[in-house]
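Q: I would like to see how this sequence folds:
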Amino acid sequence: MKSIMETTFNILYLIIIWYLVIKMYTNKSKVSNSNKEVASIFALAFLFLAIGDTGHVGFRVLAYINGGLEQNSVLLGYGKLATSITVTIFYACVVEMWRRRYNKPNNSLIYALFGLSAIRIVIMLLPGNEWTSAEPPFTWEILRNIPLMIVGLCMAFLLIHDAKKANDKTFQWIGITILISYAFYIPVILFARNIPAIGFLMIPKTIAYLAAAFIGYKGLYNV
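A: Sure thing, here's the model as predicted:
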């Protein structure tokens with residue numbers, strides 16, 4: 001039952017996220033001149049997210065079809081690495097999108113956020129992660145997620161703060177959805193190994209990303 005539920009959700013998620021990404025690129029002409037730069041970065045961010053999740057989520061679907069998760073640790077490991085890299089790029093795009101949306105200068109905060117993103121990618125490429133292991137080291141999982149959490153939570157609060165000041169409902173809600181996604185993601189990182197049922201929190205976490213994509217699409221593409 002668990003595998004059927006997860007597989008069904010994963011397939012639906014991939015269909016919806018790719019549909020939204022394709023709509024973003026096919027409806028570029030509907031974006032106002034003032035929003036073109038931000039809309040382009042927004043579409044690029046979700047393109048990277050969709051590509052990475054196709055590896056991660058798609059490989060989990062293949063693993064269930066091909067004998068189960070335990071028998072396909074190598075496949076799952078590469079999928080997890082792919083989505084870990086692309087979600088890092090996703091948040092780097094969010095930083096740039098926020099900078100351009102609210103005319104922020106390049107300063108130490110911007111450089112720090114981009115630097116943390118680069119550090120995370122370097123950490124993920126180190127052999128200690130043991131991506132293809134059936135049970136990768138917990139310490140490395142925490143280590144590589146610290147930079148992502150700092151960048152993601154920082155961007156959530158900055159988007160909510162600056163969007164509220166500018167009465168920008170679209171990006172205020174995008175900030176809120178990012179915050180919600182982390183509220184579900186953090187318990188998974190910390191406790192899912194010992195309490196597997198907590199892994200189901202990845203479903204509302206994923207729905208939060210879909211909500212962000214839909215909100216941004218409606219707000220930027222004039223549809």
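Q: look at Thr83 and give its secondary structure.
A: Secondary structure assignment for Thr83 (DSSP: H, G, I helix; E, B strand; the rest coil): helix.
Q: and it, what does it touch?
A: Thr83 is in contact with Gly52, Asp53, Gly55, His56, Val57, counting by Cβ atoms under 8 Å, 6 or more residues apart in numbering. For glycine as for every other residue, the C-beta is placed from the backbone atoms N, C-alpha and C.
Q: which residue packs closest to the second one, ignoring adjacent ones?
A: When you say that, I think you mean Asp53. Thr83 (5.5 Å; Cβ to Cβ, 6 or more residues apart in numbering).
Q: please tell me I have it right and Phe171 contacts Ala163.
A: Yes - using Cβ atoms under 8 Å, Phe171 is in contact with Ala163, at 4.0 Å.
Q: compare those two (neighbour count), which wins?
A: Neighbour tally, Phe171 and Ala163, criterion other Cβ atoms under 10 Å: the higher count belongs to Phe171, 27 against 21.
Q: wait, what's in contact with that one?
A: Trp98, Arg101, Leu159, Asp162, Ala163, Gly219.
Q: save these as CSV, and put in secondary structure too.
A: Converted to CSV, the contacts of Phe171 look like this (three-state DSSP):
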residue, secondary structure
Trp98, helix
Arg101, helix
Leu159, helix
Asp162, helix
Ala163, helix
Gly219, helix
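Q: can you tell me which of those residues are buried?
A: Trp98, Arg101, Leu159, Asp162, Ala163, Gly219 (16 or more other Cβ atoms under 10 Å).
Q: any chance of TSV for those residues, columns pLDDT and distance to Glu70?
A: Below are these laid out as TSV (pLDDT from 0 to 100; distance: Cβ to Cβ, whole Å):
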residue	pLDDT	distance to Glu70
Trp98	97	41
Arg101	96	45
Leu159	97	39
Asp162	97	46
Ala163	97	44
Gly219	94	43
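Q: reformat these as TSV; add distance to Ile146.
A: Output for the buried ones among the contacts of Phe171, formatted as TSV (distance: Cβ to Cβ, whole Å):
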residue	distance to Ile146
Trp98	21
Arg101	26
Leu159	21
Asp162	24
Ala163	26
Gly219	31
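Q: and Gly79, backbone torsions?
A: Gly79 has phi and psi values of phi -70, psi -40 when expressed as degrees, to the nearest 10.
Q: check what pLDDT it gets.
A: Confidence at Gly79, expressed as pLDDT, is 88.
Q: how many residues are close by it?
A: Using other Cβ under 10 Å, Gly79 has 24 other residues around it.
Q: same thing with the one 5 residues further on?
A: If you count neighbours by other Cβ under 10 Å, Ser84 ends up with 22.
Q: same question, Ala63
A: 21.
Q: equivalent analysis for Lys104, please.
A: Counted with other Cβ under 10 Å, residues neighbouring Lys104 total 15.
Q: next one: it from Phe48, what distance?
A: According to Cβ to Cβ, to the nearest Å, Lys104 stands 22 Å off from Phe48.
Q: separation between Asp168 and Ile215?
A: 11 Å.
Q: same check on Pro127?
A: Pro127 is 39 Å from Ile215, by Cβ to Cβ.
Q: where's the nearest residue to Leu20 once chain neighbours are set aside, which helix or strand?
A: Counting by Cβ to Cβ, 6+ apart, Leu20 lies nearest to Ala213, which is 4.7 Å off, once chain neighbours are set aside. Taking DSSP states H and E as the criterion, Ala213 maps to helix 202-220.
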